[in-house]
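A.B. asks: My questions concern the predicted model and sequence given below.
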Amino acid sequence: MSKTHFGYETVDEQDKAKKVAGVFHSVASNYDLMNDLMSGGLHRVWKYFTIGQAKVRSGYKVLDIAGGTGDLAMAFAKQAGETGEVWHTDINESMLRVGRDRLIDKGVLTPVLLCDAEKIPFPENYFNVVTVAFGLRNMTHKDRALAEMQRVTKPGGKVMVLEFSKVWEALKKPYDIYSFKILPWLGEKVAKDADSYRYLAESIRMHPDQETLKSMMEQTGLDRVEYYNLSYCVVALHIGTKF
């Protein structure tokens with residue numbers, strides 16, 4: 001049976017999705033609060049930058065993969081307007097419910113779908129923009145997910161991946177201390193779950209670096225793939241165009 005990684009642990013491929021689901025079922029109710037605490041609010045800046053680069057206009061069709069609590073979907077729905085179509089999706093039901101309720105509370109009514117990024121249930125060449133923010137690193141077959149995102153994107157459309165990446169070398173030691181000491185401590189104190197936040201720190205270290213992810217996107221057929229390093233390379237936004 002094929003193996004893959006779950007953080008630093010090696011597991012059977014068929015077991016990874018279940019383990020990742022357990023993490024996000026656990027953290028869903030405190031997800032936004034923990035994001036603010038963990039990043040000092042910077043996750044909002046990173047997402048704002050991504051929204052700006054997406055350049056969604058009225059009438060656009062947008063797919064947000066692993067949309068979580070709906071930050072991107074909410075912004076895109078407002079930009080696409082009544083003639084647009086913005087899908088808020090996630091593979092994790094707990095996260096999707098939290099996101100759906102948050103969108104409704106904000107007066108944003110947009111389609112919500114339980115969706116596996118490796119098997120996207122939409123036809124080819126359907127969306128103007130496909131995004132995934134802080135979700136790709138949790139996927140078992142990242143190459144399949146990227147290929148699916150490329151498949152459902154219209155010619156001229158964009159695939160955008162916002163994800164933690166390889167941090168600036170000078171920050172590596174303090175970043176490791178923060179990730180493996182402070183982050184699990186915060187998880188225990190706030191979410192009563194140190195293990196899930198330890199996994200999240202490990203999953204960042206196992207994710208491809210900027211150049212590797214760029215190559216993976218190019219291998220799906222995306223062109224003009226570029227990336228922006230944000231906050232000393234803590235995060236990178238990759239953008240590829242389909243031609």
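C.D. replies: Sure thing, it's come through.
A.B. asks: which strand of this structure spans the most residues?
C.D. replies: Using DSSP state E to define each element, the chain has its longest strand at strand 153-164.
A.B. asks: Just the residues contacting it, thanks.
C.D. replies: Strand 153-164 has contacts (CB atoms under 8 Å, 6 or more residues apart in numbering) with 46-47, 50, 53-54, 61, 125-137, 146, 149-150, 204, 207, 213, 217, 222, 234-243. No exception for glycine: its C-beta is placed from N, CA and C like everyone else's.
A.B. asks: Tell me the buried residues within these.
C.D. replies: 46-47, 50, 53-54, 61, 126-137, 146, 149-150, 204, 207, 213, 217, 222, 234-240, 242 (16 or more other CB atoms under 10 Å).
A.B. asks: Sort out for me which of the contacts of strand 153-164 are in helices.
C.D. replies: Using DSSP state H, the subset of the contacts of strand 153-164 located in helices is W46, K47, T50, Q53, A54, L146, M149, Q150, I204, L213, M217.
A.B. asks: Now distance to D12 and pLDDT too, for those, in JSON lines please.
C.D. replies: JSON lines is the format used below for those (distance: CB to CB, whole Å; pLDDT from 0 to 100):
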{"residue": "W46", "distance to D12": "33", "pLDDT": "98"}
{"residue": "K47", "distance to D12": "33", "pLDDT": "98"}
{"residue": "T50", "distance to D12": "33", "pLDDT": "98"}
{"residue": "Q53", "distance to D12": "37", "pLDDT": "98"}
{"residue": "A54", "distance to D12": "36", "pLDDT": "98"}
{"residue": "L146", "distance to D12": "22", "pLDDT": "98"}
{"residue": "M149", "distance to D12": "25", "pLDDT": "98"}
{"residue": "Q150", "distance to D12": "28", "pLDDT": "98"}
{"residue": "I204", "distance to D12": "22", "pLDDT": "96"}
{"residue": "L213", "distance to D12": "25", "pLDDT": "98"}
{"residue": "M217", "distance to D12": "27", "pLDDT": "98"}
